[in-house]
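Novice: Predicted model and sequence below, questions to follow.
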Amino acid sequence: MNRYILFLILALCLVARSNVFANDDDLQPKQPVLLPIPVESAVPQPTIEEKKALPEPSAGNEKPNTAIGFYHAFIAALSVIIVSELGDKTWFIAAVMAMRHSRLTVFFGAMAALVLMTILSACLGWITQIIPHKLTFYVSTALFALFGLKMIHEAYHMSPNEGQEEYEEAQAEVQKEELSLETNRFMDMESGSSQNPNSYWRIISFVSTIFIKSFTLTFLAEWGDRSQLTTIILGARESVSGVILGAILGHSICTGIAVVFGRLIAKQISVRTVTLIGGVVFILFALSALVLDVDKE
């Protein structure tokens, strides 16, 4: 209470002192205020038309970085997906299913799973951008280099018949799913639930079943695969749109080759060579990221 009274007294004293000085100033004669005389500048000013013609200072600085970031992400995703998926289990599943069923149905089923997986993985990597950019940049670059070294190590110790083994594994998995499908169909026929006079709906049902099988096998085989981890890493440091488009195009190329030429090259593809090339590509993109260091901000 005493403090408030003391503050009030000090405030009143300051107000009174200011009034006294104001009265003293009123007693003295006032001097006229002299305004500065404007002096015309010797440098001619640009006209309105010349100002409009001048380029904006910030317009030319953001677009090149954005373009470089998009194209670097697109090429990186396209390249690593191609070298990761050729000869992979996902690739052989599409090739084996295309030998037994409609190629278009198998292609669209596999691509639906791959597109969904790509978008989820890229968005998962994009969420990690809340972490400081410098940290994610160097961590992702180190992971790229480790993936490359690991692929080279696997290729060095890989048997020459690795492609045949992958093909047989994928073939066994597809046969297992088809056996389950045939068993369910036989049980439906025995129970009489599949008797449908309209053959059109039978075809639709069969095609949709193949689509679902292709989607399911591809999605499960792709989950936790190297290509998914690569997409997450790229999404954490590169342009997300470039990563998604490049990865989808890479998956489309690989899956298209599998369903069209799978019968011809499934047993002739050298998984060892593809893995070795993939390791070199991973290391090259890790080095290129260090050289370019595209800032995403």
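Specialist: Structure's in. What do you need?
Novice: From here on, just use CA atoms for contacts and neighbour counts.
Specialist: Fine.
Novice: secondary structure class for residue 224?
Specialist: Under DSSP: H, G, I helix; E, B strand; the rest coil, residue 224 falls in the coil class.
Novice: Need phi/psi at it.
Specialist: Backbone torsions for residue 224, taken as degrees, to the nearest 10, come to phi 80, psi 10.
Novice: Give me the pLDDT for it.
Specialist: Residue 224 carries a pLDDT value of 80.
Novice: number of nearby residues for it?
Specialist: Residue 224 is flanked by 10 other residues according to other C-alpha atoms under 10 Å.
Novice: Then residue 131?
Specialist: 10.
Novice: Quick check: phi and psi on it?
Specialist: Given degrees, to the nearest 10, the pair of backbone angles that residue 131 has is phi -70, psi 150.
Novice: What distance do you get for it to residue 233?
Specialist: 13 Å (C-alpha to C-alpha, to the nearest Å).
Novice: One more: residue 86?
Specialist: In terms of C-alpha to C-alpha, residue 86 sits 20 Å off from residue 233.
Novice: Also residue 133?
Specialist: Applying C-alpha to C-alpha to residue 133 and residue 233 gives a distance of 13 Å.
Novice: again with residue 214
Specialist: Taking C-alpha to C-alpha, one finds residue 214 at 26 Å from residue 233.
Novice: gap between residue 264 and residue 258?
Specialist: Residue 264 is 9 Å from residue 258, by C-alpha to C-alpha.
Novice: More neighbours: which of residue 133 and residue 233?
Specialist: Comparing residue 133 with residue 233 by other C-alpha under 10 Å, the one with more neighbours is residue 233, at 25 against 16.
Novice: Going C-terminal from the helix or strand encompassing the more buried one, what's the next secondary structure element?
Specialist: Under the criterion of DSSP states H and E, residue 233 resides in helix 226-237. Counting by DSSP H and E, the next helix or strand C-terminal to helix 226-237 is helix 240-265.
Novice: The next helix-or-strand element following that next one packs against which elements?
Specialist: As assigned by DSSP H and E, the chain's next helix or strand after helix 240-265 is helix 271-292. Contact here means 3 or more C-alpha pairs under 8 Å, 6 or more residues apart in numbering; DSSP states H and E; on that basis helix 271-292 packs against helix 59-85, helix 133-156, helix 162-191.
Novice: Quickly, which of those helices bottoms out on average pLDDT?
Specialist: helix 162-191 (a mean of 61).
Novice: Low-confidence stretches in the protein?
Specialist: 1-67, 160-171, 173, 175, 177-207, 263, 265-269, 292-297 (pLDDT under 70).
Novice: related to what we said a few turns ago, between helix 240-265 and the helix holding residue 233, find me the angle.
Specialist: Between helix 226-237 and helix 240-265, the angle comes out at 160 degrees (axes from the mean of the first three to the mean of the last three C-alpha atoms, to 10 degrees).
Novice: Tell me the buried residues in helix 226-237?
Specialist: By neighbour count with 16 or more other C-alpha atoms under 10 Å, helix 226-237 contains the buried residues 226, 227, 228, 229, 230, 231, 232, 233, 234, 235, 236, 237.
Novice: higher neighbour count, residue 264 and residue 258?
Specialist: residue 258 (28 against 11).
Novice: if I read this right, the more buried one contacts residue 99, doesn't it?
Specialist: No: using C-alpha atoms under 8 Å as the test, residue 258 is too far from residue 99 to be in contact (9.8 Å).
Novice: Now do the contacts for residue 142.
Specialist: residue 286 (C-alpha atoms under 8 Å, 6 or more residues apart in numbering).
Novice: at 6 Å instead, please
Specialist: By C-alpha atoms under 6 Å, 6 or more residues apart in numbering, no residues touch residue 142.
Novice: how close does residue 120 get to residue 148?
Specialist: Applying C-alpha to C-alpha to residue 120 and residue 148 gives a distance of 23 Å.
Novice: what's the answer for residue 77, then?
Specialist: For residue 77, the distance to residue 148 - C-alpha to C-alpha - is 14 Å.
Novice: These two: who's more crowded?
Specialist: residue 77 (28 against 24).
Novice: mind checking how far the more buried one is from residue 209?
Specialist: 31 Å.
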